[in-house]
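Visitor: here you go, sequence then predicted model.
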Amino acid sequence: MRSVKQILKKFNPIEDKYISREFQSFGMYLAEELNDYKHRGLYIKLAKTVHRSILEKALSYVVDSKARNKGALFMWKVKELKNTANAIHSTTIKSVKK
């Protein structure tokens, strides 16, 4: 993952004027890593709404693979990790209620 210093070195205020928040920067980073610039809005929304640890785990899984469509694999892995997290959360709530 790039540091803030690296992001600021590459920042061009004329071209990148619409990226003003950290989650937007992370969404663009996801789009670049997945070579899926067409769906950059989707990655920005995911960076805003989904927990960062889930996105980073999914990204590391996809970057290590040799998939042709890394965007689809990334979305599948995010869904799988969210379902796992929800299952763990629901079982802990059930055990607390008993």
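Guide: Cool, got the structure.

Visitor: in this protein, which spans are helices?
Guide: 4-10, 22-33, 40-49, 52-64, 70-97 (DSSP state H).

Visitor: state the distance from the residue positioned nearest the centre of the chain to K9.
Guide: Nearest residue to the geometric centre of the chain (Cα atoms, centre = their mean): L55, 3.6 Å. When distance is defined by Cβ to Cβ, to the nearest Å, L55 is 23 Å away from K9. For the C-beta atoms, the positions are set from N, CA and C on the backbone; glycine is no exception.

Visitor: against L30, how distant is K10?
Guide: 16 Å.

Visitor: the two: which is more packed in?
Guide: L30 (24 against 8; other Cβ atoms under 10 Å).

Visitor: surely the more buried one and Y43 touch.
Guide: Yes: the pair L30 / Y43 is scored as a contact, 4.1 Å apart, by Cβ atoms under 8 Å.

Visitor: can you get me a residue count around V78?
Guide: Residues near V78, counting by other Cβ under 10 Å: 19.

Visitor: so what's it closest to, chain neighbours aside?
Guide: Counting by Cβ to Cβ, 6 or more residues apart in numbering, V78 lies nearest to A58, which is 4.7 Å off, once chain neighbours are set aside.

Visitor: residues contacting the one you found?
Guide: Residues in contact with A58 (Cβ atoms under 8 Å, 6 or more residues apart in numbering) are F74, K77, V78, L81.

Visitor: 6 Å instead?
Guide: With contact taken as Cβ atoms under 6 Å, 6 or more residues apart in numbering, A58 is in contact with F74, K77, V78.

Visitor: same check on A72?
Guide: Applying Cβ under 6 Å, 6+ apart, no residues contact A72.

Visitor: now with 10 Å?
Guide: L34, D36, V62 (Cβ atoms under 10 Å, 6 or more residues apart in numbering).
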